[in-house]
Structure formats: structure tokens, C-alpha cells
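1. Here's a sequence, model it:
(one chain, ligands or ions: 1)
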Amino acid sequence: MNMWKEIEAAPADAILGLTEAFKKDANPNKVNLGVGVFKDDNGTTPILNCIKTAEVKLAETETTKGYLPIPGSPAYAANVQKLLFGADSEVISSKRAATMHTPGGTGALRTGGDLLKKFNPDAKLWVSTPTWANHKGIFTAAGFAINDYPYYNPETKDVDFEGMLAALENVPAGDIVLMHVCCHNPTGVDLIGDQWDKVVELAKAKGWTPFLDFAYQGFGDSIEEDRAAIEKFAAAGIDFLVASSFSKNFGLYNERTGALTIVTPSAEETAVALSHVKLVVRVNYSNPPAHGGLAASAVLDDAVLYEQWIGEVAEMRVRIKEMRAALVDGLAARGVKQDFSFIKEQRGMFSFSGLSNDIVAWLKENKGIYIVNGGRINVAGLTSGNIDYVCDAIAEALNA
Ligand code: LMR
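-> As a prediction, the model looks like this:
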């Protein structure tokens, strides 16, 4: 018996598969607006200057490549917690949080999923409609049945907050609700102000467990403002988890640098959770890869590099906002009737453009422009070199 002979090939990944197709495309004008990777105006994904400096320092001072502990370096965990909660947070002083250094945000989500499945095998996992293409896959692989709650209203181009709350009212105790802390992927629309308070109240009253995906800290407004929701969950004194990714805000994509933070009402419960998540990690990847975490930590530990990092995150944020405006204005200037002005208000890397899957397919076939199905555009992939080509192509597709 040949093992693979009768087996059908799997479909390409909805996001990373586009990059594979893009690389093979011979069109000299091709543009990859699929995967969420920051590009500067030259179309390259830079290594942040603060990281470069930290890496040089590391190379000079590192004395060993010995294993990290199962949760990773304690210094990294402490730095992650400062980013999540603020240095003076009660969560930190009362030791209510445990942080694991994980291989990227995906590793954090899967580790958390495996942990929760162990102790709550009948729980369902709730995701927003829509959500990041990989969320359902990760939690299905961890054994969860997936349910959806309303999130994006295509009519208002905003959060369907009433619909979301109504659904969350009915989530049974013990179920897990996955939420995006800021810069919702793929829609770019977030909860605002006291909307988060209402969600926190519901989580507390109903007893479901929030799992917060935090991949874009700093891409919305600032490092501090973007964590506002986390501070509210922390203040509620309930169980929740946070998956952090430093792919985007530190540019550490291929270093797979993320973290899973488990918050409980007390230091005692957190210690128990930590003991169990260590077992999950040990049988998955044993202990984390060190380099990305050490580099990020070296930046966070150094006042000068930290300031440089804040500046570099702000530069990325501003460039994306500028490209949002260029896209909206470029389409309007080409006589496109549809109003795309809402794209200027969206936050983070993505624009949920409203382009149909037919238009997305047409742009790929005819123009070599790659956009995720559902119409998500990586705005950070637009540059002054390709913006006219992209606007011309979208206008041609919509006016055809
Ligand atoms: C994205 O949404 O494009 C990024 O988070 C990259 C990925 O792994 O999908």
C-alpha cells in the first residue's frame, strides 16, 4: 500500500497560500496585498533599527545556546506583562498572571487552546464573524466545536455591537470567547469606550472565558491606548487568557515571537495554571526558541532602545494611515462611484474593503494583485510605487 496514493491534496492556506501563488506569478507588476506583513515605502519588510542594535548586542554578549525553561525566559515574561498591563499594574504585583514565551501568536493560541481543552472538554469556542482565517483551524485542531458571534455589519461598516452583545448574553458558562484586543483582523473595526466595559461585565456575569488575541499592539493608537481592553478585563478579577504576537510591532515575523499570558483571580490559581500549561508546552515544542524573545527583551530593557522602538512603531502606524488615505483618494479620483471613505477610519494593517470575491479573483487573474478572499487588503503592502497601479486596477474592475 502506498500511503499517499489515494489521498487528495489539501487546499492552500487562505492567507499564506496566496504568497506561494504570488511568488510563482510572472506578472512584473504583481502586488501582494494578502499576508499581513508590514512593508516600507520601498516594498521591503525592514528589520527594526532597535532590533538590529539589540541583536548586535546579543551576539556580543550571549554566552550559551542552552535550553530556556519551559515557559521561556523570566525576563521576557516580565517584559510582556509590562506591555500588557502597564508596569504598575496590580496584576503584576499580585502575581495573578503567568506568561509563556510561545512560537508566535499562533503558538500562543494553540497552547492556550490545548490547555483549556484539557480542563473543559465540552466547552465551545466562539469567534467573531468574520475572524482571522486561522482561528477556526487552530481551535478545531485543539478539539473545539466552533460557534460564531456577530461582529461586522457590512451596511454600517462598523461593529454590530447590539448583535454581538445579544449573542454573548447566551454564551454558556465555561465556553471560551475569542476576541481581538485592537485592530480587528480582518475588519479593522474595534469596540470603543464603554463597549468593552459591557463585554467585561457580561463575561463576569455569565462565566464564559475571554481569550484575547493581541497581535497589533501599537498599530491602533499607541502601546498604552491599544491595551485598554486588557486593563478592563484585568480589573474585573476574572479568568482570561491573552495571546500576544510580536511579529508586527517588533517586525519579528520569522523569529516566531509570541506569548501566552494566563490571568486568574489569585496568585495561587495562577501557579496551578502555570504548572499545567508547562505540561502542554513540554509535549508540543518542549521549550521556546530564544532569539526573538531575547531581542525584544533587550529592546524593552533599554530606555534608549525602547524610545526608538516606540518611534518605529509610530512610523509604521503613520505610514499605514497614509496609504489608507491614498487608496481612498485614488479610487475617488478615478471616478469610482462606490464610497470607500470608511477605509480611512479602519485601524491596524488591514482594510476590509468590501470588494467581492469575484473582484478579488479578477484582480489576481488579470492584474497580479493578491487580496485575501472576503476582500481583506493589507494596506501596509501599498507603496507610492504601486498605489496608482492598484487604484487603476480596482477602478477598472469596479467600473467594468
Ligand atoms: C495575517 O493575518 O495575514 C497574518 O497574521 C499572517 C498570518 O499568519 O496569517
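
2. Let me see the backbone angles for the residue in the stretch 251-400 of the chain positioned nearest to the ligand.
-> With distances taken as C-beta to the nearest ligand atom, the stretch 251-400 of the chain approaches the ligand most closely at Asn378, which sits 6.8 Å away. To be clear about C-beta, it is placed using only N, CA and C from the backbone, and glycine gets the same treatment. The phi and psi torsions at Asn378 (degrees, to the nearest 10) take the values phi -80, psi 100.

3. Excluding chain neighbours, what is closest to it?
-> For Asn378, the nearest residue in space outside its immediate sequence neighbours is Leu33; the separation is 4.9 Å by C-beta to C-beta, 6 or more residues apart in numbering.

4. Tell me which stretches of the stretch 251-400 of the chain form helices.
-> Listed in chain order, the helices of the stretch 251-400 of the chain (DSSP state H, counting those that start in this stretch) span residues 267-284, 291-300, 303-333, 357-367, 387-399.

5. Provide the contact partners of the fourth one at residue level.
-> Residues outside helix 357-367 that contact it (C-beta atoms under 8 Å, 6 or more residues apart in numbering) are 21, 27, 29, 31, 355, 369-375, 389, 393-394, 397-398.

6. What parts of this protein come near the ligand?
-> Applying the criterion C-beta under 6 Å from any ligand atom, the portion of the chain that neighbours the ligand consists of 15, 35-36, 132, 134, 185.

7. Can you tell me which of those residues is nearest the ligand?
-> Using C-beta to the nearest ligand atom, the shortest approach to the ligand within those belongs to Gly36, at 3.1 Å.

8. Quick check, the closest one in contact with Cys183.
-> No - in this structure Gly36 lies outside contact range of Cys183 using C-beta atoms under 8 Å: 9.8 Å.

9. These two: which is more packed in?
-> Legend: neighbour count by other C-beta atoms under 10 Å for Gly36 and Cys183, higher for Cys183 (27 against 24).

10. This protein: strands as residue ranges?
-> All strands of the chain, identified by DSSP state E, fall at 31-32, 97-103, 124-129, 145-150, 152-153, 158-159, 176-180, 209-214, 240-245, 257-263, 350-352, 369-370, 376-378.

11. partner strands of the third one, parallel or antiparallel?
-> According to DSSP bridges, strand 124-129 forms sheet pairs with strand 145-150 (parallel), strand 176-180 (parallel).

12. Figure out which of those is closest to Thr257.
-> strand 176-180 (18.9 Å; C-beta to C-beta).

13. and the angle from that closest one to strand 209-214?
-> For strand 176-180 and strand 209-214, the angle between their directions (axes from the mean of the first three to the mean of the last three C-alpha atoms, to 10 degrees) works out to 20 degrees.

14. which residues make contact with strand 176-180 from outside it?
-> Outside of strand 176-180, the residues that reach it under the criterion C-beta under 8 Å, 6+ apart are 116, 120, 123-128, 131-132, 135, 139, 144, 149, 168, 171, 190, 199, 203, 208-215, 229.
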